[in-house]
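In: what's the 3D shape of this:
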Amino acid sequence: MRIGLLGFGVVGKGVYDICAKMPELQVAKVLCLEDISLPDAEVVGDIHAIWEDETIDTVIEAMGGLHPAYEFVRGAIEAGKNIVTSNKALVANFYDDLIPLAKAKGVKFRCTAAVGGGIGWLSELERANRVQIIEQVGGIMNGTCNYILDSMTRLGLGYDEALKQAQGLGYAEANPTTDVEGIDTWHKVILSSNIAFGISLDSATVPVAGISKITGEDVANFTAHGYVCKLISTGKRTEKGFSVFVQPTLCPQGSPEAAVPMNYNLITLIGDTSARMSFFGQGAGRYPTAYNVVQDCMEFLNGKGFYCEYGPKTAATNDICLSYYVRGGWDGEVAETWGDAVITKPVSVSVMHAWLAEHPGAFIAAIADAI
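Out: Next up is the predicted model:
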């Protein structure tokens, strides 16, 4: 396999290092705007040098972001090249374009490292779907949020202090919005649900709430009542269709999710045969992520393409009813009061997120007996 590698940052360098040890995988050209030289690969600054090289059969996108990553990947598919990417935003946002196009052009497309980094979660969904119906997917999919929430719970840090610490350790970006507002997790649960359920979710119907409004007083409330707050993603079959959402969730102390430390992920599937299966590990990092990028290349050599057939466009129903911890102006039915916050009577996910959209200063957390 001759590879055109797009990007030479954290993941791209890891891919290059691993491929250098594998004679069946040759990184022939690297698209990089920085002035670097490599002993066994040509460094180019123009994507056409990769698109137009007929000896390159596979393109690995390790640039990140939406543009020009989308244009580069789409052009590579048009040129008849297989695609591997770790870019969850790219795949989630352009799923309806890229996956059918790859099939039409007869090329293979995989993105295992896009969800869970080194865990191999999407490959596990592919395997699970062979022998059972997957009823539910989700869990803790973002290490930055988990680190912040874990530090607030275990160490008693305030939100700002926990975020600053996460940034100092390299777990959070200087602008952490994508992580703390749940957008990264949102991309991941959309992609996971598409593969688990064989659909193409309308992302506009998948609500998301982040953790940026949480306070130390909220955490003290949770601890006093036997809960730990985590940012949880959920994709679930229901009688009316599919409920898919991202929101802070109060997990009972002693539950698997409550025990997940620092920047780790715990992602779960529930199947009608296997019941619960959970996958634990670091969801990012140079070599864990690059490992699954290279695994996808090996899957190509074994003849594997995408994880499932492209499915019909589907709107999430979000008809599941949950009780919520709400701080900030809830005017619906109340079951009890926790300090300055209330616990609502059961309300549908769609109704709660519609209310939150009208009250952006509020903080919500669903109460879950189990994930």
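In: now this protein, which segments are flagged as low pLDDT?
Out: Under the criterion of pLDDT under 70, the regions of the chain flagged as low confidence span 369-371.
In: Let's see that with 80 instead.
Out: 283-284, 369-371 (pLDDT under 80).
In: measure the residue lying farthest from the centre of it to residue 27 for me?
Out: Here the chain reaches farthest from its C-alpha mean at residue 39, the gap being 34.4 Å by Cα atoms, centre = their mean. With distances taken as Cβ to Cβ, to the nearest Å, residue 39 is found 11 Å from residue 27. C-beta: built from backbone N, CA, C; applies to glycine.
In: got the contact list for the residue lying closest to residue 327 once chain neighbours are set aside?
Out: For residue 327, the nearest residue in space outside its immediate sequence neighbours is residue 341; the separation is 4.0 Å by Cβ to Cβ, 6 or more residues apart in numbering. Going by Cβ atoms under 8 Å, 6 or more residues apart in numbering, residue 341 touches 218, 221, 325, 326, 327.
In: of all those residues, which two lie farthest apart?
Out: Taking Cβ to Cβ as the measure, these reach their widest spread between 221 and 326, a distance of 11.6 Å.
In: So for these two, which residue has more residues nearby?
Out: Each of residue 221 and residue 326 had its neighbours counted (other Cβ atoms under 10 Å), and the higher figure belongs to residue 326 (24 against 20).
In: Quick check: the more buried one vs residue 232, distance?
Out: For residue 326 relative to residue 232 (Cβ to Cβ), the value is 17 Å.
In: same deal with residue 363?
Out: Where residue 232 is concerned, residue 363 sits at a distance of 15 Å (Cβ to Cβ).
In: between those two, which one's more packed in?
Out: Neighbours per residue, other Cβ under 10 Å: of residue 363 and residue 232, the larger number sits with residue 232, 27 against 21.
In: quick one, phi/psi of the more buried one?
Out: When read as degrees, to the nearest 10, the backbone of residue 232 gives phi -120, psi 130.
In: residues in contact with it?
Out: Counting by Cβ under 8 Å, 6+ apart, residue 232 touches 138, 139, 140, 246, 247, 248, 249, 251, 257, 366, 368, 371.
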